[in-house]
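1. sharing a sequence plus its predicted fold:
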Amino acid sequence: MGSVELPSIDLSLKDSKHVAAELITACKQWGFFTVKNHGIPLEDVARIFKISDEFFNSPLEEKKQFMFKEERLHSGYTGHVGEKLDAEHQCRGDMIESYDIAGFPSPDSKVNSPVIQKYFLELKAFQRQCHYLSLKILDLIAGGFGLSSDFFSKYHSSSKDILRLLKYSIPEGVKRREHDEDAGAHSDYGSITLLFQKDMGGLQIRPPESYNVADWLKVSVDETSIVVNIGDMLQFWTSGRLKSTVHRVRLDPDIKSRQTIAYFVIPDSETIIDPVYEDENESEGKGNSVKIVPASE
Ligand SMILES: O=C(O)CCC(=O)C(=O)O
Ligand SMILES: [Fe+2]
């Protein structure tokens, strides 16, 4: 299987027009890119990985008391094989444990496990940094499309965003089977996702058609960068120009566990997603707007 070094965008560069143009090119071809000099201190990321580790190492019975539930504001724990991201092809669920925190800026602290609760302020501070970075990226994307810079970001207050701690591992006594996916093939449904990786390796993406390779590509990332990918909503919003690329996770056989942190950026409820065009003369599909409604409606 081949591997790819994703386009790298340096957010410290002053020429925002140039940065936006590079970013748009990356999103059109790959739907994935990495950002460096992104403004989130690496020590802060390392700290969240430590908190995540402490949580996943807490007793299973304790974690299970805080299972993910819609009524818990989409927050909580999901155990091994609790989710099947590619239900059509997977025999067994994903080899992941995860913990979701949602409902920003005021997540309900009563629903959290003791470990998460202990570090809640730090987790919230990290969420704010992720939110700020996501707005910066959305502003660049809007600028690259020739739109006002807040065109997308004004619909992203972070009230629907999700901070997800992830740990990949094979539970004791379970044998890995040939077709097991650690995270099944899927695309993300929101606007963009920020993906922090501690133990590199494992992430694979389906290459663009123009790349002429049918197989999956392993993504190699340098440790100081954050991976960013486009989700289905932003693909729709940009009339399919920006790609919501299918990806999955398969750990190398010698890797016992892997931790990542995903920050899913999702438009606010009631946002009307009206596809935008780069070319004003283009009319195909106009009027296909979609309104985001809360899950309970
Ligand atoms: O852990 C990873 O590298 C990918 C996670 C992912 O794609 C997701 O949670 O949507
Ligand atoms: Fe994903």
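-> Looks like it arrived, so ask away. Numbering: from 1, shown residues only. Ligands and ions are numbered 1, 2, ... in the order given.

2. on the three-state scheme, A46 is what?
-> Here A46 takes the helix state, with states given by DSSP: H, G, I helix; E, B strand; the rest coil.

3. typed the wrong thing, it's F55
-> Following three-state DSSP, we place F55 in the helix state.

4. so what's the closest residue to it other than its chain neighbours up against?
-> Counting by C-beta to C-beta, 6 or more residues apart in numbering, V115 is the residue found nearest to F55 once chain neighbours are left out, at 4.3 Å. No exception for glycine: its C-beta is placed from N, CA and C like everyone else's. With contact taken as C-beta atoms under 8 Å, 6 or more residues apart in numbering, V115 is in contact with I51, E54, F55, S58.

5. from ligand 1, how far out is V115?
-> Between V115 and ligand 1 the distance is 20 Å, computed by C-beta to the nearest ligand atom, to the nearest Å.

6. ramachandran angles for that residue?
-> Per-residue torsions, V115: phi -70, psi -40 (degrees, to the nearest 10).

7. ok, the residue nearest to S149 when sequence neighbours are not counted - how many residues close by?
-> What sits nearest to S149 in space, not counting adjacent residues and going by C-beta to C-beta, 6+ apart, is D139, at 4.4 Å. When neighbours are counted by other C-beta atoms under 10 Å, D139 registers 20.

8. that older thread, report the buried members of the contacts of V115.
-> Applying 16 or more other C-beta atoms under 10 Å to the contacts of V115, the neighbour count classes I51, F55 as buried.

9. and the longest helix anywhere in the chain, what does it pack against?
-> Longest helix in the chain, counting residues (DSSP state H): helix 120-144. Packing contacts for helix 120-144, counted by 3 or more C-beta pairs under 8 Å, 6 or more residues apart in numbering; DSSP states H and E, involve helix 16-29, helix 42-56, strand 162-169, strand 192-197, strand 257-265.

10. that helix to helix 42-56, inter-axis angle?
-> For helix 120-144 against helix 42-56, the angle by axes from the mean of the first three to the mean of the last three C-alpha atoms, to 10 degrees is 130 degrees.

11. ok and helix 120-144 relative to strand 257-265, angle-wise?
-> Angle between the axes of helix 120-144 and strand 257-265 is 60 degrees (criterion: the same axes, to 10 degrees).

12. could you give the average pLDDT over helix 120-144?
-> Averaging pLDDT along helix 120-144 yields 97.

13. swap in stretch 99-112?
-> Averaging pLDDT along stretch 99-112 gives 83.

14. does ligand 1 have contacts with it?
-> No - legend: contact between stretch 99-112 and ligand 1 by C-beta under 6 Å from any ligand atom is lacking; minimum distance shown is 10.1 Å.

15. may I see the buried residues of that stretch?
-> Y99, D100, I101, A102, G103, F104, P107, V111, N112.

16. what's the span of that stretch, first residue to last?
-> Stretch 99-112 stretches 10 Å from its first residue to its last (C-alpha to C-alpha, to the nearest Å).

17. residues making contact with that stretch?
-> By C-beta under 8 Å, 6+ apart, the surrounding residues in contact with stretch 99-112 are 52, 55-56, 63, 66, 68, 72-78, 113, 116-117, 120, 123-124, 127, 131, 158-165.

18. D215 reaches Q204, doesn't it?
-> No - between D215 and Q204 no contact is recorded; they are 9.2 Å apart, counting by C-beta atoms under 8 Å.

19. related to what we said a few turns ago, quick one, which of the helices and strands packed on helix 120-144 is packed in tightest?
-> For the helices and strands packed on helix 120-144, the largest average neighbour count (mean count of other C-beta atoms under 10 Å) is found in strand 192-197, namely a mean of 24.

20. now for it, which elements pack on it?
-> Strand 192-197 makes packing contacts with helix 42-56, helix 120-144, strand 226-230, strand 257-265 when contacts are defined by 3+ C-beta pairs under 8 Å, 6+ apart.

21. strand partners (parallel or antiparallel) of that strand?
-> Each strand pairing with strand 192-197, determined using DSSP bridges, is listed with its direction: strand 226-230 (antiparallel), strand 257-265 (antiparallel).

22. immediately after the shortest one, which helix or strand?
-> Per DSSP states H and E, strand 226-230 leads on to helix 232-237 as the next helix or strand towards the C-terminus.

23. hang on, the earlier thing: right, and the helices and strands packed on strand 192-197 - which one's nearest ligand 1?
-> Distances from ligand 1 to each of these were compared using C-beta to the nearest ligand atom; the shortest belongs to strand 257-265, at 3.5 Å.
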